[in-house]
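J.: Return a 3D structure for these sequence lines:
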Amino acid sequence: MEHKKTMLDYIADCPEFIRNNVADSAALTKPLVDEYVSGGYKNIWIVACGSSSNGSLCARQFIRRHLKCEVKIVTPFHFVSSENDFSETDMVVVVSQSGYSLNALDAIKVIEAKGRRCIGLTGDVNSDLGKVCDVVANYGVGRETVAYVTRGVTTLALFFMLFAVEASVRLGIKTAAEGEAVKQQLLKAADINAAVQAQTPSFIKEHYRQLSGMTNAYVCGVGANLGTASEGALKFGETVSIPTAAYEVEEYIHGPNIQMTPRYSVFLIDGGEGTERIHR
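T.: Numbers count the residues shown, from 1 in each chain. Predicted coordinates:
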């Protein structure tokens, strides 16, 4: 019998995809890097929803720091209905993993109506999104056949980070050697990802009673981990069907904590920015 893939299969593939995509960085990101460099853009708008928005949020601080530009993330419906005042120096990238999301295609229509180049990022360049864009890139996600995408979040965040590195080298913000050093740091994420996966079963076993009894949850983070928190909250809602909210870690104690009872579960994601405050 053919094995039917689950979310865990796609999660298990992530270290391999990280290594392959870092190795193929220049070719993978070339369509977007060429557009950014030749277009004279200063800032970036990312139009994405759900897990694509969360993956973009994971990469946002990295792009700002390494490419020295501002990055704005807006959902497609919000973009179409009320917030599409981008300028000629803003590169607007519409993301859809499948390439068939109707809200992403609606966003492309708005960009086209303004006479601007349509730029798409997808897992299928032959999709509807790929066919209507002037520039389209595959961010190296492969194909996911489960509804709750997981590998897409990791590969999208990585793509935007690799894009920032390659573009910064092309623009002279970094030297080639500096760019390569950053990519080697990103490569370490594959081993870290694998290590976390290896620790997960014992963590679940140790905390099974608390985890299986969750009824409400908060997931909190800051910086890049605000994206992690948002994706965590989304996945809890999708998979175990409990009300879950994501908050910036300090904002959590400015109102949301008031409704707390012993039945609530709170996940504080540490790492990088805000460590001291998170532990306090």
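
J.: Packing partners of the helix ranked longest in the chain?
T.: Ranked by residue count and defined by DSSP state H, the top helix of the chain is helix 176-206. Here helix 176-206 touches helix 7-23, helix 151-170, going by 3 or more CB pairs under 8 Å, 6 or more residues apart in numbering; DSSP states H and E. The way it works is simple: take the backbone N, C-alpha and C, and place the C-beta from them, glycine included.

J.: gap between that helix and the chain center?
T.: When C-alpha coordinates are averaged (CA atoms, centre = their mean, to the nearest Å), helix 176-206 and its chain have centres 16 Å apart.

J.: ok, and for the next helix or strand after it, which residues are buried?
T.: Once the chain leaves helix 176-206, the next helix or strand it forms, by DSSP states H and E, is helix 208-212. Across helix 208-212, burial judged by 16 or more other CB atoms under 10 Å covers no residue at all.

J.: Same question for stretch 199-219.
T.: Buried-residue list, stretch 199-219, by 16+ other CB under 10 Å: 216-219.

J.: Not counting sequence-adjacent ones, nearest residue to the residue positioned nearest the centre of the chain?
T.: In the chain, the centroid-proximal residue (CA atoms, centre = their mean) is residue 55; its distance is 0.8 Å. Here the nearest residue to residue 55 in space, its sequence neighbours aside, is residue 156; by CB to CB, 6 or more residues apart in numbering that works out to 3.6 Å.

J.: Can you show me the strands along the chain?
T.: 43-47, 71-74, 90-96, 119-122, 135-138, 216-221, 244-248, 264-268 (DSSP state E).

J.: Return the distance of the second one from the chain's centre.
T.: A distance of 12 Å separates the C-alpha centroid of strand 71-74 from that of its chain, computed with CA atoms, centre = their mean.

J.: who does that strand pair up with?
T.: strand 43-47 (parallel) (DSSP bridges).

J.: Quick one: work out the angle between the strand it pairs with and helix 151-170.
T.: Counting by axes from the mean of the first three to the mean of the last three CA atoms, to 10 degrees, strand 43-47 points 170 degrees away from the direction of helix 151-170.

J.: got the contact list for strand 43-47?
T.: 36, 53, 56, 63, 69-76, 79, 86, 89-95, 104, 107, 160 (CB atoms under 8 Å, 6 or more residues apart in numbering).

J.: Likewise for stretch 106-117?
T.: Contact with stretch 106-117 is made by 35, 39, 47, 76-77, 79-80, 84, 86, 88, 92, 94, 118, 120, 129, 132-135, as judged by CB under 8 Å, 6+ apart.

J.: Now, of these, which are buried?
T.: Counted by 16+ other CB under 10 Å, the contacts of stretch 106-117 give 35, 39, 47, 76, 79-80, 84, 86, 92, 94, 118, 120, 129, 132-133, 135 as buried.

J.: Count the residues that sit near residue 224.
T.: 19 (other CB atoms under 10 Å).

J.: looking at the protein, which helix or strand is least sure?
T.: The helix or strand with the lowest mean pLDDT-type score in the chain, counting by mean pLDDT, DSSP states H and E, is helix 275-279 (a mean of 91).

J.: For it, name the packing helices and strands.
T.: Packing contacts for helix 275-279, counted by 3+ CB pairs under 8 Å, 6+ apart, involve no helix or strand.

J.: Okay, now the unreliable bits of the protein?
T.: 1-2 (pLDDT under 70).

J.: Domain ranges for it, per the record?
T.: 7-189, 207-279 (automatic domain parsing).

J.: out of the ones you listed, deepest packed?
T.: domain 7-189 (a mean of 19; mean count of other CB atoms under 10 Å).
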